[in-house]
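*Asks:* Here is the input, now give the coordinates:
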Amino acid sequence: MFNDPMSWVFGLHVVSTFGMLGLIWLVLLVHYPLLAHIGEDNFLIYHSAHVKRISLVVIPFMSVELVTGILLFYDPLLPLIELGFSLALLAIIWLSTFLLQVPQHSALSKAPNPTNISALVQSNWVRTIGWSARGVLVLIWITHHV
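*Replies:* Next up is the predicted model:
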């Protein structure tokens with residue numbers, strides 16, 4: 001399967017998409033809701049450490065997913081309309097990250113606030129649905145590459 005460069009691009013895309021899919025569901029169902037249960041005394045230290053550490057995972061996976069998602073337009077096995085839909089989902093995910101989640105994390109880095117935590121959890125559904133849809137799309141694409 002990995003005998004040409006496009007196969008490597010596809011493989012990296014699969015790994016990065018499913019990596020983010022698993023991570024986003026973990027964040028949505030476990031991590032973000034638990035922010036409401038961290039004591040006020042430790043919240044700022046915990047939140048700061050979370051942002052630094054999660055970035056070490058998220059930034060490489062999201063970057064690889066975006067670059068390989070663009071490069072997949074050169075893959076003759078994948079339908080252009082699906083590739084366009086895939087990139088539209090990536091755009092929504094990236095916009096949500098920088099327009100919704102980053103500002104909410106910024107507010108939480110100054111003071112714990114149940115309203116901001118709730119907003120973070122609720123707005124994260126945008127990314128969760130986006131990555132879930134991308135996961136389905138990538139599963140379909142795998143059948144083109146097998």
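
*Asks:* what number of residues lie near the closest residue to Ile70 other than its chain neighbours?
*Replies:* Once flanking residues are discounted, Ile70 sits nearest to Leu87: 7.1 Å by Cβ to Cβ, 6 or more residues apart in numbering. Any C-beta I mention is one placed from the backbone N, CA and C, and that applies to glycine too. By other Cβ atoms under 10 Å, 15 other residues sit near Leu87.

*Asks:* repeat for Ser106
*Replies:* 11.

*Asks:* any idea how far Leu44 lies from Pro76?
*Replies:* Leu44 sits 51 Å away from Pro76, taking Cβ to Cβ, to the nearest Å as the criterion.

*Asks:* Looking at those two, which has the bigger crowd around it?
*Replies:* Set side by side, Leu44 and Pro76 show more neighbours around Leu44, with 15 against 6, by other Cβ under 10 Å.

*Asks:* Any figure for the gap between the more buried one and His144?
*Replies:* According to Cβ to Cβ, Leu44 and His144 sit 48 Å apart.

*Asks:* go on, Ser123?
*Replies:* 33 Å.

*Asks:* Pick out whichever of the two has more residues nearby.
*Replies:* Each of Ser123 and His144 has its neighbours counted (other Cβ under 10 Å); Ser123 has more, 17 against 13.

*Asks:* Next, give phi and psi for that one.
*Replies:* phi -70, psi -20 (degrees, to the nearest 10).

*Asks:* need the contact list for it.
*Replies:* 96, 100-101, 104 (Cβ atoms under 8 Å, 6 or more residues apart in numbering).
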